[in-house]
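>>> can't give you the sequence, but here's the structure:
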Ligand code: NAP
């Protein structure tokens, strides 16, 4: 059903937060009524609003996440409360604003520093807020201690409520039955044909993505799905030319097989040694690789400029090759970790100045994660329908605080790797960015027109 105004999506996290907030109100309203001035209002301070804030911060999609977020908040209030309260020992000296202001700044810096030292970046906010409230609103006196105690108690109770709600309610609503996606394209006698070839190819999302974009842009094209058996690319090319195809995308296992069969290759196809896009113009075939450029665009969306950046890539298969060689060409320093180390070494031999090979043991991964700005998973570990999963995620603890973790997998939207990264407070991105950008670039080649990727992302988010 279409609504005149866009409505927010209500997922289980929203439902859980709402339940937690209502419980907080129910539990804390009586305390609010027991406000007693002589106790610094501590009972009143344990009011519903603050407990709700604790709950909202604590209510995440899983129990583990809730617990970690709650503990981080608790650490923040303990650190901030202890530092702020200890500062009160300076007594009347704090009356002087020339003393109070720099002391407060130093206390906040100390709180942030302590939280970062124990790898709890999400605790930093509370570690600053607590001393600020304690020091700004008063100088000495028992009420300030009560304030700090109140924050700690409310966090513990908020965390307990959030853990209870998370344990009682499921993480996700049952998946709605996926309706058959509408891929209607208006056909005319002039409509030009495009397709994706592969073996197998039935699972490909390319027809849905490309037909959605074709329709949104009002282009006179149709995009089909064509199975081409391994080893038969030569026959397919003749067939595609005869049938008047404007071009096609290639997936496994044809990306490399096509290379010697095409009339011309672009720089990226030559660099990566694989094509994913072929255009047919006046009987000549032109091969492109949009995976590498699509990845750099997806990285740019996350605000990462590759030149001089330290990147760790997990995997050395086809996707990793496109990612690594484009990153290296753009000036990044890339460490490639792969289970079969010889494959990582073969990949790094293309550009030894920028690429370094490593193995895939937990020690290798931790060493590679240390000091990297971006970590990219190009293995199939965690992909929907495959049994493989990372043996352990302790290597994520070695990541610097500002590191971004990208998983090329887009189904599921949040892999276990991204969930574990999220828990540790790092930024994450899944493979949807690459999927959309490489498709937009391919359609630009087919139609020789510029396409706005932002608009396409919006359109595709409705169907993917
Ligand atoms: P591929 O050529 O088959 O490479 C698979 C990689 O995963 C290899 O490096 C392999 O290591 C590693 N691997 C597999 N099982 C493993 C395990 N149990 N432990 C450790 N490593 C393991 O596949 P690909 O084409 O590069 O694709 C890789 C992933 O990227 C897939 O999940 C795919 O869906 C995703 N992808 C996404 C997009 C997108 O648009 N978002 C585009 C392309 C690919 P070995 O060399 O040791 O076997």
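Structure received. This one's a predicted model, so the numbers in the text were calculated from it and none came from an experiment. Numbering: from 1, shown residues only.

>>> nearest spatial neighbour of the residue of the chain found nearest the ligand, skipping sequence neighbours?
For the chain, the residue positioned closest to the ligand under CB to the nearest ligand atom is residue 317, at a distance of 2.0 Å. In short, each C-beta sits where N, CA and C put it, glycine included. Spatial nearest neighbour of residue 317, excluding adjacent residues (CB to CB, 6 or more residues apart in numbering): residue 378 at 6.7 Å.

>>> Strands of the stretch 251-400 of the chain, start to end?
264-265, 277-281, 284-288, 310-314, 333-337, 355-358, 374-377 (DSSP state E, counting those that start in this stretch).

>>> Partner strands of the first one, with direction?
Neighbouring strands of strand 264-265 in its sheet, by DSSP bridges, are strand 284-288 (parallel).

>>> Counting by contacts, list what the host helix or strand of residue 104 packs against.
With secondary structure defined by DSSP states H and E, residue 104 is part of helix 97-117. For helix 97-117, the contact count by 3 or more CB pairs under 8 Å, 6 or more residues apart in numbering; DSSP states H and E identifies helix 63-87, helix 124-136 as packing neighbours.

>>> ok, back up a step: report how many residues lie close to the residue of the chain closest to the ligand.
14 (other CB atoms under 10 Å).

>>> does it really touch residue 381, like I thought?
No: look at residue 317 against residue 381 with CB atoms under 8 Å: they stay out of range, at 11.4 Å.

>>> burial measure for residue 284, as a count.
Neighbours of residue 284 (other CB under 10 Å): 11.

>>> ok, now how distant is it from residue 15?
Noted for residue 284: a distance of 57 Å to residue 15, by CB to CB, to the nearest Å.

>>> Could you do residue 408 as well?
Look at residue 408 and residue 15: by CB to CB, they are 31 Å apart.

>>> Compare these two and say which is more crowded by neighbours.
Higher neighbour count among residue 408 and residue 15: residue 408, with 28 against 15, using other CB under 10 Å.

>>> which residue packs closest to the more buried one, ignoring adjacent ones?
Using CB to CB, 6+ apart, the closest residue to residue 408 is residue 431 (4.2 Å).

>>> and if you look at residue 329?
Distances taken as CB to CB, 6+ apart place residue 271 nearest to residue 329, at 6.7 Å, with adjacent residues excluded.

>>> for residue 103, same thing?
The nearest residue in space to residue 103 (CB to CB, 6+ apart) is residue 87, at 6.1 Å.

>>> wait, doesn't that neighbour sit right on residue 100?
No: taking contacts as CB under 8 Å, residue 87 lies outside contact range of residue 100: 9.2 Å.

>>> quick one: common contacting residues for the two?
Residues touching both residue 87 and residue 100 (CB atoms under 8 Å, 6 or more residues apart in numbering) are 94, 135.

>>> shaky segments in the stretch 101-250 of the chain?
Residue ranges of the stretch 101-250 of the chain with pLDDT under 70: 137-145, 171-182.

>>> if we go to 50?
By pLDDT under 50, the low-scoring segments of the stretch 101-250 of the chain are 139-140, 175, 177-178.

>>> just the helices in it please.
Along the stretch 101-250 of the chain, counting by DSSP state H, counting those that start in this stretch, helices occupy 124-136, 142-168, 206-217, 233-242.

>>> For the shortest one, which helices and strands make contact with it?
What that stands for is helix 233-242. Using 3+ CB pairs under 8 Å, 6+ apart, no helix or strand is in contact with helix 233-242.

>>> Going by neighbour count, list what's buried in that helix.
233, 236, 237, 240 (16 or more other CB atoms under 10 Å).

>>> ditto for the longest one
Of all the residues in helix 142-168, those buried under the rule 16+ other CB under 10 Å are 143-151, 153-155, 157-159, 161-163, 165-166.

>>> That one versus helix 63-87: what angle between them?
Per axes from the mean of the first three to the mean of the last three CA atoms, to 10 degrees, the angle that helix 142-168 makes with helix 63-87 is 180 degrees.

>>> can you list the residues of this structure near the ligand?
315-320, 338-340, 343, 360, 378-381, 383, 388, 408-410, 431, 434-435, 438 (CB under 6 Å from any ligand atom).

>>> Recalculate using a threshold of 5 Å.
Proximity of the chain to the ligand is confined to 315-319, 338-340, 343, 379-380, 383, 388, 408-409, 431, 434-435 under the rule CB under 5 Å from any ligand atom.

>>> List buried residues within the residues you listed.
315-316, 318-319, 338, 343, 379, 383, 408-409, 431, 434-435.

>>> Which members of the residues you listed define the maximum pairwise distance?
Using CB to CB, the two most remote members of these are 343 and 435, lying 23.9 Å apart.

>>> ok, how many other residues are close to the residue nearest to residue 103?
19.

>>> Could you pull up the residues touching it?
Contacts of residue 87 (CB under 8 Å, 6+ apart): 94, 103, 104, 107, 131, 134, 135.

>>> gap between it and residue 98?
Separation of residue 87 from residue 98 (CB to CB): 15 Å.

>>> can you pull the contacts of the nearest residue to residue 75 once chain neighbours are set aside?
Nearest residue to residue 75 in three dimensions, chain neighbours excluded: residue 123, at 4.4 Å (CB to CB, 6+ apart). Contacts for residue 123 (CB under 8 Å, 6+ apart) come out as 72, 73, 75, 76, 79, 115.

>>> that older thread, if you look at the buried ones among the residues of the chain next to the ligand, which of them are in helices?
318, 319, 343, 434, 435 (DSSP state H).

>>> Could you check the pLDDT of the last one?
By that I understand residue 435. The model reports residue 435 with a pLDDT of 92.

>>> Make sure the residue nearest to residue 329 is actually in contact with residue 330.
No: in this structure residue 271 lies outside contact range of residue 330 using CB under 8 Å: 11.4 Å.

>>> related to what we said a few turns ago, pipe the contacts of residue 87 into TSV and attach distance to residue 459 and neighbour count per row.
Below are the contacts of residue 87 laid out as TSV (distance: CB to CB, whole Å; neighbours: other CB atoms under 10 Å):
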residue	distance to residue 459	neighbour count
94	58	18
103	54	17
104	50	20
107	50	22
131	48	28
134	51	24
135	52	23
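
>>> which one of those residues sits closest to residue 414?
For those, the nearest to residue 414 is residue 131 (35.5 Å; CB to CB).

>>> so who does that closest one touch?
Residue 131 neighbours (CB under 8 Å, 6+ apart): 80, 81, 83, 84, 87, 104, 107, 108, 111.

>>> Same question for residue 406.
Residue 406 neighbours (CB under 8 Å, 6+ apart): 298, 299, 302, 374, 375, 376, 377, 428, 429, 430, 431, 433.

>>> Now for the fifth one: which residues touch it?
Think residue 375. Here residue 375 is in contact with 311, 312, 313, 314, 369, 399, 403, 404, 405, 406 (criterion: CB under 8 Å, 6+ apart).

>>> same deal with the first one?
Counting by CB under 8 Å, 6+ apart, residue 298 makes contact with 406, 429, 433, 434, 436, 437.
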